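Colleague: Here is my input, please return the structure:
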Amino acid sequence: MNYTTATHTAIYAAGYERGVVVASSIHLLDIGEHLPRDSDWAGIDTIEGMNVAREAFVMVCCAGEENDRQFSPFESTASEINARDDANEAWRVFEDGIMDGISANWDARKGYYD
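Modeller: Residues are numbered from 1 along each chain as shown. Reported below is the predicted structural model:
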């Protein structure tokens, strides 16, 4: 995709797909499981229920997605979005798509806790 000329709808869809893919690579944490200390940014130590599990899942997904931005081919994506006249809005749309993709993946998998 050429992000320089893409519509906001296409940029959102690419972000959504990225969010789903990243979330698909993250295992769901079991109730009672402890988070590794190096990943605790939200004050979560132990998964104590589904709400905490979701918060931890999103946190770990976001960390993985952010880490992935350091590798090829993401620099092409970033360069193309940054070259847009509406770069700030395009980034917002892309990142909204990522978060919605992560949420959709959670919704599809949350039955794990039943």
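Colleague: per-residue confidence at Ser39?
Modeller: Note on Ser39: pLDDT of 61.
Colleague: how about the helices in the chain?
Modeller: Remark: helices assigned in the chain by DSSP state H are 8-24, 50-68, 74-82, 87-109.
Colleague: Which one, of these, ends up nearest to Gly32?
Modeller: helix 50-68 (10.4 Å; Cβ to Cβ). For the C-beta atoms, the positions are set from N, CA and C on the backbone; glycine is no exception.
Colleague: circling back: looking at the helices of the chain, which has the lowest confidence?
Modeller: Among the helices of the chain, helix 50-68 scores lowest, at a mean of 91.
Colleague: got the angle for that helix vs helix 8-24?
Modeller: 110 degrees (axes from the mean of the first three to the mean of the last three Cα atoms, to 10 degrees).
Colleague: Neighbours of Ser25, how many?
Modeller: 12 (other Cβ atoms under 10 Å).
Colleague: I figured it was touching Gly64, is that so?
Modeller: Yes. If you go by Cβ atoms under 8 Å, Ser25 and Gly64 touch, sitting 6.8 Å apart.
Colleague: most remote residue from the protein's center?
Modeller: Ranked by distance from the centre of the chain (Cα atoms, centre = their mean), the top residue is Asp85, with 24.8 Å.
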